[in-house]
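# I'll drop the sequence and a predicted model, then ask my questions.
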Amino acid sequence: MGVANSALGAVPVTPRKKPAKSTILFFLCGGSSHIDMWDMKPEAPVEYRGEFSPVRTSAPELRICEHLPMLAKQAHHFSLVHGVTDFGRATGDHHAGYYYNLTGHAPDETFRQQGNDRRPYSTDWPHMGCVVGSRRPLHPKLPQVITLPFKPSRAPYTRPGQFAGRLGMEFDPFFVTGHRDNPLQFSAPTLTLDASMTAQRMQDRRALLESLNTARRELDHTAAARNYTHQQEKAFSLLSSSGTAGAFDIATEKSATIERYGKTINGTSLLMARRLVEAGVPFITVFWAEDDEVIAKKCLSGGGWDTHGNNFSCLKENLLPEFDRSFSALIADLAQRNLLDDTLLMVTSEMGRKPKVGDPRTRGMGAAGRDHWTSCMSVLLAGGGIRGGQTYGKTDAHAEYPAENPVDPADVVKTVYHAMGIENLEATDLQGRPYNLLEQGRPLLPLFT
């Protein structure tokens, strides 16, 4: 029996009788605006509530943004967690927000010292998906954990929190790359099959790489080299196996299905995630692919949901329509295929947006935006035993701070573990010493049926 933390001490948690088989984590890179999407405050002054209005949904208790009409029809399938807060432990930087919300662990002092220059460390706490993958029986053909369509941020300052960290590189996600100019094409990080690559050529290339890697290992015994070799092996296994190649070939989907998800890199990434669920992959992370060409310039940011400028036009004209189409399609598709109860869906981000409109960093540079806000955000959960059409937690009149049942990111991660039937979080370090992968937090049990 697992144990959850609370203000009153340790509280027993009964393991789920029917754990979810897979999780799809949809991470809205940049910091999505909770007050403009999920936790709207129509009675607040205009400088807080902004330009959007809430609308009724298929769930009597839920109201969401008027610019999410397709998702409003699926509200009976999902629940909203309001008042997810950093309790003053985060830094307001993107790196810290990724780390906190992907691992459940508060950022350490290095994040305050280095900000968005902070690189991933081998001693970092692991991404929740890597923990799930390490605890589930090995898939016979596919990786335990798959991330697509890109690895957020550019090396060497790649966002921390998306790797296995101290759990070990062998538990790192397998990265599958999507292509904005051809959203139906996905490739492995080091290899891509094209029409000219026959099985014999594949084997010849593998033999050559094995000889090169043998020579490299004689000179370099670092964990990074071993992990690179391990990733190559997984890529070869996937691309050369007729039993797994089909899972990555979304071009075989019906044209109507592709249209429903949307012919965008984010839409097809969610469609790919559904195929990977059907193939039995335990954990799939889809990072929202940022549009540096359009969104970054328009929103005065690095792209994605980081709406420092033109917050309302960026959301209304670009971000919300694509998200609405693709994610509502995923929920409906999983429900129609009777896969939703066995699949946990989560939508989160590294932070919320400042409820008071106007970003001082971009003042005078176009229409008003919203700054970073780590004191409050919302998380969407669906499937995996979650009872749809409800809310957990409550924020104040301006959506600035939690008012009832504040939620730590550790609570959200523990909720994912509970849905997936992961109760044992004990691990052993390189010196053989035992430790707990996440001591903080407790699952949000009222969300479950």
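Yes, it's here.
# what residue ranges in the stretch 101-250 of the chain score low on pLDDT?
189-245 (pLDDT under 70).
# Which stretches in it count as strands?
Secondary structure of the stretch 101-250 of the chain (DSSP state E, counting those that start in this stretch): strands at 145-148, 174-175, 177-178, 186-187.
# Tell me which of those strands lies nearest to residue 159.
strand 145-148 (11.4 Å; CB to CB). Backbone N, C-alpha and C define where each C-beta goes, glycine included.
# out of the strands of the stretch 101-250 of the chain, nearest to residue 296?
Closest among those, using CB to CB: strand 177-178, at 18.1 Å.
# and that closest one, which strands flank it?
Strands that pair with strand 177-178, judged by DSSP bridges, come out as strand 186-187 (antiparallel).
# those helices in the stretch 51-200 of the chain, which residues are they?
Remark: helices assigned in the stretch 51-200 of the chain by DSSP state H, counting those that start in this stretch are 69-72, 94-103, 109-114, 128-135, 199-219.
# quick one on the thing from earlier: tabulate the strands of the stretch 101-250 of the chain (a markdown table), appending distance to residue 88 and mean neighbour count.
Output for the strands of the stretch 101-250 of the chain, formatted as a markdown table (distance: least, CB to CB, whole Å; neighbours: other CB atoms under 10 Å):
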| stretch | distance to residue 88 | mean neighbour count |
| --- | --- | --- |
| strand 145-148 | 30 | 26 |
| strand 174-175 | 33 | 20 |
| strand 177-178 | 36 | 19 |
| strand 186-187 | 40 | 20 |
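# Tabulate those strands in JSON lines, adding columns for distance to residue 295.
Output for the strands of the stretch 101-250 of the chain, formatted as JSON lines (distance: least, CB to CB, whole Å):
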{"stretch": "strand 145-148", "distance to residue 295": "19"}
{"stretch": "strand 174-175", "distance to residue 295": "22"}
{"stretch": "strand 177-178", "distance to residue 295": "16"}
{"stretch": "strand 186-187", "distance to residue 295": "22"}
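# Tell me which of these sits nearest to residue 413.
Going by CB to CB, the one of these nearest residue 413 is strand 145-148, 14.6 Å.
# packing partners for that closest one?
helix 128-135, strand 174-175, helix 265-278, strand 283-287 (3 or more CB pairs under 8 Å, 6 or more residues apart in numbering; DSSP states H and E).
# could you pull out the strands for the stretch 251-400 of the chain?
Under DSSP E, counting those that start in this stretch, the stretch 251-400 of the chain gives strands at 283-287, 343-348, 352-353, 372-373, 377-383, 391-392, 394-395.
# Ranking these by mean neighbour count, which comes first?
A comparison of those by mean neighbour count, using mean count of other CB atoms under 10 Å, puts strand 352-353 on top with a mean of 30.
# Can I get the helices and strands packed on strand 145-148 in a markdown table including distance to residue 181?
Shown next, in a markdown table, are the helices and strands packed on strand 145-148 (distance: least, CB to CB, whole Å):
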| stretch | distance to residue 181 |
| --- | --- |
| helix 128-135 | 28 |
| strand 174-175 | 19 |
| helix 265-278 | 9 |
| strand 283-287 | 18 |
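# Relative to residue 428, which of those is closest?
helix 128-135 (11.7 Å).
# could you give the angle of the closest one to strand 283-287?
Interaxial angle of helix 128-135 relative to strand 283-287 (axes from the mean of the first three to the mean of the last three CA atoms, to 10 degrees): 160 degrees.
# Would you mind listing the outside residues contacting helix 128-135?
By CB atoms under 8 Å, 6 or more residues apart in numbering, the residues outside helix 128-135 that reach it are 23, 25, 102-104, 126, 143-145, 147, 163-165, 167, 171-173, 282-285, 413, 416-417, 420, 422, 424-425, 437-438.
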